[in-house]
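1. The following block contains a protein sequence and its predicted model.
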Amino acid sequence: MSQASSLQSSGQSGLGKSTLVNTLFKSQVSRKSSGWNREEKIPKTVEIKAIGHVIEEGGVKMKLTVIDTPGFGDQINNENCWEPIEKYINEQYEKFLKEEVNIARKKRIPDTRVHCCLYFISPTGHSLRPLDLEFMKHLSKVVNIIPVIAKADTMTLEEKTEFKQRVRKELEVNGIEFYPQKEFDEDLEDKTENDKIRQESMPFAVVGSDKEYQVNGKRVLGRKTPWGIIEVENLTHCEFALLRDFVIRTHLQDLKEVTHNIHYETYRAKRLNDNGGLPP
Amino acid sequence: MSQQQPAQFTNPETPGYVGFANLPNQVHRKSVKKGFEFTLMVVGESGLGKSTLINSLFLTDLYPERIIPGAADQVYCLLEKIERTVQIEASTVEIEERGVKLRLTVVDTPGYGDAINCRDCFKTIISYIDEQFERYLHDESGLNRRHIIDNRVHCCFYFISPFGHGLKPLDVEFMKAIHNKVNIVPVIAKADTLSLKERERLKKRILDEIEEHGIKIYHLPDAESDEDEDFKEQTRLLKASIPFCVVGSNQLIEAKGKKVRGRLYPWGVVEVENPEHNDFLKLRTMLITHMQDLQEVTQDLHYENFRSERLKRGGRLSSYDKVLCKSEETVVALKGYS
């Protein structure tokens, strides 16, 4: 398995996706590295922008591809706006498949498949929007989706708990399986651990920031407001640290495995079936 | 308009004093007796805190114990949501303060901006506005005009999401569709999600985009030269703060020893009525001090536009209406509109 990972972030513009991804990897890995570009207009169709980086920590190098989807959900008519995204994901599977069935295969097949899709939910405090449901319904079948509540500093603790409960219920009622999917739990240990995450922590309510402030003598990442400083890595303020630990520290390998063993295999089986059991 | 005997006024012996300086008091007394009517429309995506803000503004519970529909209800309810079209819900409340009665109607537009395809989002809203104009026109042209009820929309608060980078395509299209029918006051909701710098950036960006697209929002009239300095300064401040960044709340939180309307976060308390935290007070001041002007602009500009378009288009044009048209020409000439 390669040391490459691909992370996609989707959601309406302005939900802090780029800032969050930058905060996750503590480096400027996302498209908009500084503030927002004044000249940038909302694109008329959904675009797929993939940027590759190599980041290093403790001697471990990781090739990370961050995929952004500007224009998603921003138009007046957003019908089928997830289609370009679904197409892109399937294209990566196709690329891998072609390499895999080659007679003279490369020792290490370059892996551009999307391992994880962070879907940003707008913190309305009410419920999921029809577009959110449609997107997740379609995409949860081809990629690991991790729903994330963006800009969570707009909700009080009670509002956050209620909203999360409502979102979880709505996802369940609509049959949307987000990562970690129940059916892929390998053993009891996994199941208990993942159950806890699924039923209590997710979706993670996060706040992102690339600015540092002095709080109690320490430099912390945060957001400064007239009524206080919101500390990004403080668990009583938001769940960013939980998301980071989940995606990077504990489940990164599993995300890749599920993509390879489940999503990719599903795609491969479908392609082979369409072709009468023969490789394409 | 008769002149009363200067019986109970000050300085009745001032030479040359006739007494019609007392007219404003008479108008005041009659207005107070009659009460005031005002219709406010609120438009914006769901979840932007519109209802909370309206309740905060007028310190009433126009939307008592709102039950937010969601997954807790049956699946049927959820499926229905995707098909949902924009609804118009008008609620009227009579509030009184120091003997002055205000009959406030708030027109809510649930469903706006929620569908996947919002192309027909504003049809319902525009029809509603036109309907009120139509009804008023009909009443005004009728034989018995003693009790004309004014349900015309005097002001529209358009809620802009603080999560975006400025105006969305839907915002632009909607405002362009109604700026000739109603006074638009753009409001940035849930402003506690923005730091002060982000607010300034967003405000400027929105103002630039409004200008770029030629959207006509409501402009506060400049203070008259004979007003006092405080009022002039206040008007200047208000004008500079548009669009207003607001936070609403119906909860009382303990802060600095007293109970204030606010939102309690782990990192601090946002006070709704603190001008350093958000522009809520400015919005309320603007609305209250300019309620009269909002009504006037609706009557003199938006309604007259509608009326002339409507009459030009035809429909029932009786001889009585022809008389109206003639006098309208005179009125138009007097007011200096082209």
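-> Thanks, I have it.
2. so where do the strands sit in the stretch 51-200 of chain A?
-> A:60-68, A:116-121, A:145-149 (DSSP state E, counting those that start in this stretch).
3. Helix, strand, or coil at B:Leu167?
-> coil (DSSP: H, G, I helix; E, B strand; the rest coil).
4. And it, how far from chain A?
-> From B:Leu167 across to chain A, the span is 9 Å (C-beta to the nearest C-beta, to the nearest Å). C-beta coordinates here come from the backbone N, C-alpha and C atoms, glycine included.
5. who in the stretch 101-250 of chain A is up against chain B?
-> For the stretch 101-250 of chain A, the contact set with chain B under C-beta under 8 Å from any C-beta of the partner chain comprises A:122-127, A:129-131, A:133-134, A:150-151, A:153-154, A:156-157, A:166-167, A:169-170, A:172-174, A:223-231, A:236-237.
6. Filter those residues down to the ones in helices?
-> Using DSSP state H, A:Pro130, A:Leu131, A:Leu133, A:Glu134, A:Leu157, A:Arg166, A:Val167, A:Lys169, A:Glu170, A:Glu172, A:Val173 are the members of these that sit in helices.
7. Please convert the strands of the stretch 51-200 of chain A to TSV, extending it with mean neighbour count and mean pLDDT.
-> Output for these, formatted as TSV (neighbours: other C-beta atoms under 10 Å in any protein chain shown; pLDDT from 0 to 100):
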stretch	mean neighbour count	mean pLDDT
strand A:60-68	17	84
strand A:116-121	24	93
strand A:145-149	24	93
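8. do stretch B:97-110 and chain A meet at all?
-> No. Against chain A, stretch B:97-110 shows no contacts by C-beta under 8 Å from any C-beta, the least distance being 10.5 Å.
9. ok so B:Met175 is a helix residue?
-> Yes. Assessed by three-state DSSP, B:Met175 belongs to a helix.
10. which of the residues of the stretch 101-250 of chain A next to chain B are buried?
-> Neighbour counting with 16 or more other C-beta atoms under 10 Å in any protein chain shown marks A:122-127, A:129-131, A:133-134, A:150-151, A:153-154, A:156, A:166-167, A:169-170, A:173-174, A:223, A:225, A:227-231, A:237 as buried within those.
11. what about the residue of the stretch 151-300 of chain B found nearest chain A, neighbour count?
-> Nearest residue of the stretch 151-300 of chain B to chain A, counting by C-beta to the nearest C-beta: B:Gly268, 2.9 Å away. Counted with other C-beta atoms under 10 Å in any protein chain shown, residues neighbouring B:Gly268 total 18.
12. mind listing the strands for chain B?
-> B:36-43, B:89-97, B:100-108, B:155-160, B:184-188, B:244-245, B:252-255, B:258-265, B:268-271 (DSSP state E).
13. Quick one: those as a markdown table, columns for mean pLDDT too.
-> What follows is the strands of chain B, written out as a markdown table (pLDDT from 0 to 100):
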| stretch | mean pLDDT |
| --- | --- |
| strand B:36-43 | 91 |
| strand B:89-97 | 84 |
| strand B:100-108 | 87 |
| strand B:155-160 | 94 |
| strand B:184-188 | 94 |
| strand B:244-245 | 93 |
| strand B:252-255 | 82 |
| strand B:258-265 | 88 |
| strand B:268-271 | 89 |
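14. Show me the shaky parts of chain A.
-> For chain A, applying pLDDT under 70 flags the ranges A:1-2, A:27-45, A:277-280.
15. ok, for the closest residue to chain B within it, nearest residue in space, not its chain neighbours?
-> Residue of chain A nearest chain B, by C-beta to the nearest C-beta: A:Thr124 (2.3 Å). Spatial nearest neighbour of A:Thr124, excluding adjacent residues (C-beta to C-beta, 6 or more residues apart in numbering or on different chains): B:Gly47 at 2.3 Å.
16. wait, what's in contact with that neighbour?
-> The contact partners of B:Gly47, taken as C-beta atoms under 8 Å, 6 or more residues apart in numbering or on different chains, are A:Ser122, A:Pro123, A:Thr124, A:Gly125, A:His126.
17. Recalculate using a threshold of 10 Å.
-> By C-beta atoms under 10 Å, 6 or more residues apart in numbering or on different chains, the contact list for B:Gly47 reads A:122-127, A:129, A:154, A:163, B:68, B:113-114, B:159, B:161, B:189-190.
18. Report how many residues lie close to A:Val54.
-> The burial count for A:Val54: 10, using other C-beta under 10 Å.
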